[in-house]
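Peer 1: structure for the following, please:
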Amino acid sequence: MRLNPKYLVLLGISVFVICLAMGFGRAGSAVELITPKGWPKPVYRFSDNPLSEEGFKLGKKLFYDPGLSRNGTISCANCHTQFSGFTHVDHGLSHGIDGLRGTRNSLVLLNLAWNRSFMWDGGINHLEVQPLGPITNPVEMDNTLANIVKRLDSSAAYRAGFYKVFGDSTVTGQHVLKALAQFLGMLVSSNSKYDKYVRHEPGGELTPEEFSGLKLFRKNCASCHTEPLFTDYSFKNIGLPIDTGIMDIGRMKITGDRNDSLKFKVPTLRNVAVSYPYMHDGRFRSLMQVLNHYTGGAVMSPNIAREMKDGFQFTNKDKLDIIAFLETLTDQDFLLDVRFREERE
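Peer 2: Numbers count the residues shown, from 1 in each chain. Prediction:
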């Protein structure tokens, strides 16, 4: 059967549009991270870890594999579920292997290719190294990369998968981390109501409350939660009362600098309405509690963020409007994207 050239052109355009909507472009089995319009360039260089459909799927398989933990019970997805922006919402502090409780709340996993550092204290500075934190933490996955490599290398299916991606059927630690980075780096959230508003697209019309909240947000919050990524990736002491049961000193643990005491990473606010509880220790269950802290709950100290020194004067209506705006940062397409779901065998 001979197809009309007109239909071949239309078919090609349709495939291209679908690829863009999925967040990456194709060239054979290669894929490319598409930077959303108006966003800065990603920090992570996929040129050093060429993306492919096979690499993305291998990384996803590893992400959902509980075999990465010491006793085969905890996967990355245990603390990072898609419907909540790849964090957890059932408890404040992360729960790991053998039911052990950690000391911090899980950060969301999205737009990681733009991150300069990882973890609440910035203790990791590279996307490919990020998984080693939870993998080796004794109260999270309590494993070693060497043990993981040994297990994966004993699997014919995994060896075949690594061969497709890296041209080497022998599993290595570097390739494990590169595969995970291909999946994690493609977790791009950029299609919320807010994004449609900025792009002047249908579905982006803000209500009066949402628009009021946007103006209040830009005036009071955007210096740290900077658009379009809604973080400036800095570390701030925002005056949280110290949890004496944990005694988490934050960034100071990494730098040893007393000026970094109680400073924690400014998290992205994308999908914040579904990624509760909030703060590094999950102490707040609602956005209203967060805003109440900013309007009178802060504990003053010498290194408190300058934005906190004078406090914020939000009325109850202001708070409700800000929350209405923050809810426009929920990206349902990202939260329901079938590409990121576990593939059952």
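
Peer 1: helices of the stretch 151-300 of the chain, residue ranges please.
Peer 2: With helices called from DSSP state H, counting those that start in this stretch, the stretch 151-300 of the chain shows them at 156-166, 173-185, 193-198, 208-220, 252-255, 287-292.

Peer 1: could you single out the most deeply buried of those?
Peer 2: Comparing the helices of the stretch 151-300 of the chain by mean neighbour count (mean count of other Cβ atoms under 10 Å), helix 173-185 ranks first with a mean of 22. Where you see a C-beta, it was placed from the backbone N, CA and C, and this is true even at glycine.

Peer 1: next, the contact list for the residue nearest to residue 64 when sequence neighbours are not counted, please.
Peer 2: Residue nearest to residue 64 in three dimensions, not counting chain neighbours: residue 342, with 4.2 Å by Cβ to Cβ, 6 or more residues apart in numbering. Taking Cβ atoms under 8 Å, 6 or more residues apart in numbering, we find residue 342 in contact with 60, 64, 77.

Peer 1: residue 324 now?
Peer 2: When contacts are counted by Cβ under 8 Å, 6+ apart, residue 324 touches 207, 209-210, 212-213.

Peer 1: reformat the residues you listed as a markdown table; add distance to residue 87 and pLDDT.
Peer 2: Formatted as a markdown table, the contacts of residue 324 follow (distance: Cβ to Cβ, whole Å; pLDDT from 0 to 100):
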| residue | distance to residue 87 | pLDDT |
| --- | --- | --- |
| 207 | 27 | 98 |
| 209 | 26 | 98 |
| 210 | 24 | 98 |
| 212 | 28 | 98 |
| 213 | 23 | 98 |
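
Peer 1: coming back round to it: how about the helices of the stretch 151-300 of the chain, which one is nearest residue 35?
Peer 2: With respect to residue 35, and counting by Cβ to Cβ, the nearest of those is helix 173-185 at 11.9 Å.

Peer 1: so which elements touch the closest one?
Peer 2: If you count contacts as 3 or more Cβ pairs under 8 Å, 6 or more residues apart in numbering; DSSP states H and E, helix 173-185 packs onto helix 53-63, helix 145-153, helix 156-166.

Peer 1: between these, which one is closest to residue 238.
Peer 2: Among the helices and strands packed on helix 173-185, helix 53-63 comes nearest to residue 238, with 30.9 Å by Cβ to Cβ.

Peer 1: which helix or strand lies directly C-terminal to the closest one?
Peer 2: Using DSSP states H and E, the helix or strand that directly follows helix 53-63 along the chain is helix 132-136.

Peer 1: buried sites along that following helix?
Peer 2: Of the residues in helix 132-136, 132, 134-135 count as buried by neighbour count, 16 or more other Cβ atoms under 10 Å.

Peer 1: and what of stretch 74-84?
Peer 2: 74-82, 84.

Peer 1: and the end-to-end length of that stretch?
Peer 2: 18 Å (Cα to Cα, to the nearest Å).

Peer 1: check stretch 259-267 too.
Peer 2: Stretch 259-267 has an end-to-end distance of 20 Å (criterion: Cα to Cα).

Peer 1: please apply the same query to stretch 286-302.
Peer 2: Its first and final residues considered, stretch 286-302 spans 28 Å by Cα to Cα.
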